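Enquirer: sequence below, structure please.
(one chain, ligands or ions: 2)
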Amino acid sequence: MSRPRVVILGAGYAGLKTAKELSKKNVEADIVLVNKNDYHYESTQLHEVAAGTEPASKITFNIVDVIDTKKVEFIKDTVIKVEKDDKKVLLENNGELSYDYLVMALGFESETFGIPGVDEFSLPLVNIKTAEAAQAHLDKMLSNYQQSKNELDLSIVVCGAGFTSIEYLGEITNRIPKLAKTMNFPMDKVKITCIEAMPTLLPMFSEKLGQFGIDVLKKRGVTFKVGTPIKEIKENTVVYEENGELKEVHAHTIIWTTGVKGSHVVGESGFAERRGRVMVEKDLRVEGYSDIFMIGDVSAVMDEESGRPFPTTAQIAIKQGEAAANNLARLLNNQPTEAFTFKSLGTVASIGNNVGMGQILGGKEVKGYMGSIVKKSIINKSLLDVGTAGTLLKKGRFDYYH
Ligand code: FAD
Ligand code: NAD
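Expert: Ligands and ions are numbered 1, 2, ... in the order given. A predicted model of the protein is given here:
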């Protein structure tokens, strides 16, 4: 009898962790990992690449360097669709791939909410390609100014004020003053606007902690518009609503960071989803499909305490990867699966290189330089979870001081 085949789709935090953990369990199964690139990227650091404060090489590594290739077959390909009733995956280049067990971990995409003009006229931060494109665009606009003297070249609008936006603003406000010297543009003409739909900024933190972060960014020159939902993006223009009136702000760089949804492959494969996320059962499998696990940003796991799904984070994605590997091993050994449990270790956001803020275990708040050290330690722990100690050393991640 042939060995069962476990296929893992996506080598982000969730998928890569599953592959690594499952390969350590010596199961009698063939393990196949599929990812569209031959590298893993740390999605948690995309804002640094987008702002140009770190190169892509600092947050990427080759997948085959961190998996046991004797136990895991890696296929570089793009998943088109899962034919779940026939137990097969349709790949862009390699045709069909059949499975006995499937782990869907295809991660997140930009959420446009159907707002007109977003795809045409703004720049998302969702993978290495889009982050590098945002960086190249920003640098081009800033350097244009010397010739054009068009102040819109120095105008940047960041759409939304969630964590991604705040972390991106932290990076660009660190870097732009340095670029002003080399590219020779006047800092007093730089205009950075952040437009948020909700009436409160950073509502997940205490008022004092949220205000700390906002004050840091305001001091660095960011203007916040709050309670002002964006209605349309036009060429070099963001249209938002304020007190019932439509208003416009103009800029040559428009960054779209108003949230994420799960991979479109989830919906196209016919799963019952909302914004690309499937509400999973307690053991992370999909209702009605005992052969399919759904983990990471394509899944929704109910937090019994709050009565709402946990926010999608790398932290929970890694824990789900561990749990999926454990449950797969149990199934392969004819044992019952176990329920997934998750306790958040807290949330910390960076505001550029030396400042951070957040809440850690026990509700303790950290901010400023200490916040930045905590944030860097968390990111290093995640890198160690999906990479190896060698990856951490190669990426030079112990520089907490500059
Ligand atoms: P992903 O990391 O999105 O990985 C999905 C993988 O699947 C990728 O390798 C992708 O290339 C591949 N893939 C996608 N589609 C296909 C396809 N069709 N075929 C083949 N392969 C495909 N979370 C935290 O906990 N802490 C943080 O500090 C933090 N900071 C963040 C900062 C930013 C700027 C952003 C955008 C997010 C941040 N998050 C953070 C959230 C976190 O990055 C995500 O929750 C996490 O990446 C989800 O992991 P995942 O494995 O589900 O998906
Ligand atoms: P988000 O959904 O957390 O934030 C998006 C923001 O955009 C929200 O404040 C929302 O109100 C706003 N928005 C939505 N539509 C808008 C509109 N039309 N006009 C103006 N504003 C609008 O998304 P994100 O920041 O991309 O984060 C995605 C996920 O990744 C979250 O789960 C987050 O917790 C996680 N993340 C975590 C960290 C961290 O832990 N440091 C950093 C980045 C992202």
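Enquirer: run a quick neighbour tally on whichever residue of the stretch 101-250 of the chain sits closest to ligand 1.
Expert: Nearest to ligand 1, among the residues of the stretch 101-250 of the chain, is residue 107, at 2.2 Å (C-beta to the nearest ligand atom). C-beta: built from backbone N, CA, C; applies to glycine. Here the neighbour count serves as a burial measure; for residue 107 (other C-beta atoms under 10 Å) it reads 25.
Enquirer: tell me the contacts of the nearest residue to it once chain neighbours are set aside?
Expert: Distances taken as C-beta to C-beta, 6 or more residues apart in numbering place residue 12 nearest to residue 107, at 4.5 Å, with adjacent residues excluded. Applying C-beta atoms under 8 Å, 6 or more residues apart in numbering to residue 12 gives the contacts 40, 41, 43, 105, 106, 107, 296, 297, 317.
Enquirer: can I get those in a markdown table with pLDDT?
Expert: Below are the contacts of residue 12 laid out as a markdown table (pLDDT from 0 to 100):
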| residue | pLDDT |
| --- | --- |
| 40 | 97 |
| 41 | 97 |
| 43 | 97 |
| 105 | 98 |
| 106 | 98 |
| 107 | 98 |
| 296 | 98 |
| 297 | 98 |
| 317 | 98 |
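Enquirer: okay, those residues in a markdown table with secondary structure next?
Expert: Formatted as a markdown table, the entries for these read as follows, by DSSP: H, G, I helix; E, B strand; the rest coil:
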| residue | secondary structure |
| --- | --- |
| 40 | strand |
| 41 | strand |
| 43 | helix |
| 105 | coil |
| 106 | coil |
| 107 | coil |
| 296 | helix |
| 297 | helix |
| 317 | helix |
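Enquirer: same for the helix-or-strand element of the chain with minimal mean pLDDT, what does it pack against?
Expert: The helix or strand of the chain with the poorest confidence is helix 389-394; it has a mean of 81 (mean pLDDT, DSSP states H and E). Contacts of helix 389-394 with other secondary structure elements, assessed using 3 or more C-beta pairs under 8 Å, 6 or more residues apart in numbering; DSSP states H and E, are made with helix 368-386.
Enquirer: what sits up against the helix it packs on?
Expert: Around helix 368-386, the neighbours that count as contacts under C-beta under 8 Å, 6+ apart are 13, 16-17, 20, 40, 42, 44-45, 66, 314-315, 318, 345, 348-350, 353-358, 360, 366, 391-392, 395, 397-398, 400.
Enquirer: give me the mean pLDDT for that helix.
Expert: Taken as a whole, helix 368-386 has a mean pLDDT of 89.
Enquirer: show me what from the stretch 251-400 of the chain comes close to ligand 1.
Expert: Along the stretch 251-400 of the chain, the residues adjacent to ligand 1 under the rule C-beta under 6 Å from any ligand atom are 263, 265, 296, 297, 312, 313, 314, 315, 317.
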